[in-house]
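# coords please:
(one chain, ligands or ions: 2)
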Amino acid sequence: GSPLPTKVVSLSKLVQELAINGDEPPPRYFFKDGKDEPIKASPLLSSIPIIDLGLLSSSSSPSTKEELEKLRSALSTWGCFQAVGHGISSSFLDEVHEISKGFFKLPLEEKKKYSTTVDELEGYGNDHVLTEEQILDWSDRLFLFIYPEDQRKLKIWPESPKGFREILHEYSPIIKSIAELLFKVMARSLNLEENSFSSQLGERVLMLARFNYYPPCPRPDLVLGMKPHADSSVVTIILQDKEVEGLQLLIDDQWVTVPTIPHALFVNMGDQMEIMSNGIFKSPVHRVVTNSERERISLAVFHAPEPEKEIGPADGLVGEERPRLFKKVKKYTDITFEYFQRGMRAIESAKI
Ligand SMILES: O=C(O)CCC(=O)C(=O)O
Ligand SMILES: [Fe+2]
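Ligands and ions are numbered 1, 2, ... in the order given. The predicted structure follows:
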């Protein structure tokens, strides 16, 4: 299994159960106490970069070079981009979205067969509660490890809706190969050897799928779907809801909404990529807001190194003009959960 690093006091109630009657959310969910500014977004001043993966995967042509430059610039300013030209059919992505939705639509008793427990990360549930003060997120989740393949815990892979498992088995290698392509082109964009990042990560990388379900919330001004955080992953690849926005990025101290682009994949850097790139690529702080009318569903896939691998700034990125910013880290994800629940950034602990 995947034991949690810190002592978990309890599991919180499923948000879906709280959302049924449209009652006022309990104060434990109030991210804002009503005294400060309510939760809102600022207008997006420049748009989030859109990168064509098709151009990046072709061999050197002038447009590949241009796209690599665009990628480097996107990752060193925003730390994220919308990926198009990824080669996955729109109908398959729709199927992935539909089965995710289908799972959360199942009766509660059916979903509870896959429930997480106090000492497991995997499964269906909600926030693991570490302290009484912890502010809870307005979302339910289904967490499943998809790699290493021989560690898939099929007994908690939902049997319904029909086709769920098959679709996740099919989606997993596709996302894995996109991540592998990204590691290569990210290295190339920094004039490094193609395997500079992937060789640090090892053969048996961990990949974790998180299906996020955000029910409508009667108090979007006070309650967040997911608290501000940066991902502890190397990269995260998200299939966003096609219709309902909710993801926001913290850019220059302002929260800006990520627009939905049907069938694009939203890619963001995690802290471990910020570390490996010696701070050149940014791991953006983001959050998810709620809305009172519509539910929202997303599927995030997190990519992490083989657990015994130590990762650190790539050699080619450390020099006289660019001092080493980070220590080497190992099992980085284990430390981040506690930082997150305390509202702190784990990457601070890796800084020299
Ligand atoms: O729901 C989303 O779009 C983003 C979710 C997220 O940030 C996460 O799962 O870490
Ligand atoms: Fe995230």
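
# Enumerate the positions of the top helix by length along the chain that are buried.
What stands out as the longest helix in the chain, according to DSSP state H, is helix 164-189. Residues of helix 164-189 classed as buried: 164-165, 167-168, 171-172, 174-176, 178-179, 181-189 (neighbour count, 16 or more other Cβ atoms under 10 Å). (Glycine included, C-beta is placed from N, CA and C.)

# tell me the mean pLDDT for it?
Averaging pLDDT along helix 164-189 yields 97.

# next one: stretch 233-243
97.

# cool, and stretch 197-206?
96.

# Which residues does that stretch contact?
145, 147-148, 176, 180, 183-184, 186-187, 234, 273, 276, 303-309, 311-312, 314 (Cβ atoms under 8 Å, 6 or more residues apart in numbering).

# which of the residues in that stretch are buried?
Buried, per 16+ other Cβ under 10 Å, within stretch 197-206: 197-198, 200-201, 205-206.

# Show me these that map onto helices.
Secondary structure from DSSP H places 198, 200-201 of the buried residues of stretch 197-206 in helices.

# hmm, back to that, narrow the contacts of stretch 197-206 to those in strands?
145, 147, 303-304, 311 (DSSP state E).

# With pLDDT and distance to residue 255 added, can I get those residues in CSV?
Listed next are those as CSV, based on pLDDT from 0 to 100; distance: Cβ to Cβ, whole Å:
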residue, pLDDT, distance to residue 255
145, 97, 31
147, 98, 32
303, 98, 25
304, 96, 27
311, 97, 30
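
# the helices in the protein, which residues?
So, for the chain - with DSSP H - the helices run 15-19, 53-57, 62-77, 90-105, 108-111, 164-189, 198-201, 271-276, 332-341.

# who wins for proximity to residue 44 among those helices?
Closest approach to residue 44 among the helices of the chain (Cβ to Cβ): helix 62-77, 13.8 Å.

# Centre of the chain to that closest one, how far?
The chain centroid and the centroid of helix 62-77 are separated by 22 Å under Cα atoms, centre = their mean, to the nearest Å.

# looking at the chain, which helix or strand does the model trust least?
None of the helices or strands of the chain scores lower by mean pLDDT, DSSP states H and E than strand 10-11, at a mean of 66.

# Near ligand 1, which residues of the chain? Just list them.
Residues of the chain lying close to ligand 1 by Cβ under 6 Å from any ligand atom are 210, 212, 226, 231, 238, 240, 247, 286, 288, 298, 300.

# And the buried ones among the residues you listed, selectable in PyMOL?
A single PyMOL command is used to select the members of the residues of the chain next to ligand 1 judged buried by 16+ other Cβ under 10 Å:
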select buried, resi 210+212+226+231+238+240+247+286+288+298+300
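
# Out of the buried residues of stretch 197-206, the closest to ligand 1 would be?
Among those, residue 206 lies closest to ligand 1 (Cβ to the nearest ligand atom), at 15.1 Å.

# Dig out what that closest one forms beta bridges with.
The bridge-partner assignment for residue 206, based on DSSP bridges, gives residue 304.

# can you count the residues close to residue 21?
8 (other Cβ atoms under 10 Å).

# separation between it and residue 94?
Distance, residue 21 to residue 94, by Cβ to Cβ, to the nearest Å: 31 Å.

# same thing with residue 303?
24 Å.

# neighbour-wise, which of these two wins?
Using other Cβ under 10 Å, the more surrounded residue of residue 303 and residue 94 is residue 303, with 26 against 13.

# give the contact list for that one.
179, 205-207, 233-237, 270.

# Just put those residues in JSON lines and tack on distance to residue 50.
As requested, these are exported to JSON lines (distance: Cβ to Cβ, whole Å):
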{"residue": "179", "distance to residue 50": "19"}
{"residue": "205", "distance to residue 50": "26"}
{"residue": "206", "distance to residue 50": "28"}
{"residue": "207", "distance to residue 50": "24"}
{"residue": "233", "distance to residue 50": "21"}
{"residue": "234", "distance to residue 50": "22"}
{"residue": "235", "distance to residue 50": "17"}
{"residue": "236", "distance to residue 50": "17"}
{"residue": "237", "distance to residue 50": "15"}
{"residue": "270", "distance to residue 50": "20"}
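
# Before I go, just wanted to say thanks for your time.
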